[in-house]
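Enquirer: have a look at this prediction, sequence included:
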Amino acid sequence: ADAIPSDLYSKGRGVATGQVGTDSIFFVTGTYSGTLEADANLLLENSGDADDVLSSDLFLAAYTPWGEVLWARRAGGEGSGDLSLGIATDSDSVYITGKFEGSAGFGPEILRAVGGSNDVDFFLARYDWNGGLVWAKSGGSELNDEALDVAVDVHGGIVLTGNFMSKAILGEGAAETVFE
């Protein structure tokens, strides 16, 4: 079933919960092609070919316990491999992870794959509970890489699982982490 209906294709890939005071928030992440209708007043347009089912972007949406959409965000690029595959929350943020092809826009931030326009790399993005992008990071190698899931511990430590084909790099400079 569709997590949020799209005119071509949509698939929910993960769900997480959060708590604000006594109110619960449900977060859903996934993939879509075409135009995603979060509700009657909120449409997310695909950044690639809107008529091509293979041109996918990813979404993150927040809901009340009664199914009302609080907000929805899209990310991705013109490639066909933009997928959100994992989701986690901590006390004030929601994290999504997955993969993108070539380049992907997360709000004002543009992530670029290490191996160029046909390469698939992984991403990790953090949003606040109001849907504001806190940061987005990418990593990978010159071959295809993907993050499959994310977890956050009580101390703010982030753990990713996934696949990479050769030495993969996340971050830059002093913040660089190398996976071998």
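Expert: Sure, I can see it. Treat the numbers as computed from the prediction; the structure is a model and nothing was measured.
Enquirer: going forward, measure contacts and count neighbours with C-alpha atoms only.
Expert: Will do.
Enquirer: now do Ala151 against Gly131, distance only.
Expert: As judged by C-alpha to C-alpha, to the nearest Å, Ala151 and Gly131 stand 19 Å apart.
Enquirer: quick check, Val120 in contact with Leu111.
Expert: No. The criterion here is C-alpha atoms under 8 Å, and Val120 misses it with Leu111 at 11.3 Å.
Enquirer: what bridges to Ile25?
Expert: Under the criterion DSSP bridges, Ile25 forms beta bridges with Gly18.
Enquirer: tell me the pLDDT at the residue of the chain most remote from its centre?
Expert: Distance from the C-alpha centroid of the chain peaks at Thr22, with 26.9 Å (C-alpha atoms, centre = their mean). Thr22 carries a pLDDT value of 81.
Enquirer: same check, this time on Asp39
Expert: Reported pLDDT for Asp39: 59.
Enquirer: again, but for the one 5 residues further on
Expert: What the model reports as pLDDT for Leu44 is 56.
Enquirer: tell me which helix or strand in this structure has the weakest average pLDDT.
Expert: For the chain, the helix or strand with the lowest mean confidence is strand 42-45, at a mean of 56 (criterion: mean pLDDT, DSSP states H and E).
Enquirer: ok, then the element right after that one?
Expert: strand 56-63 (DSSP states H and E).
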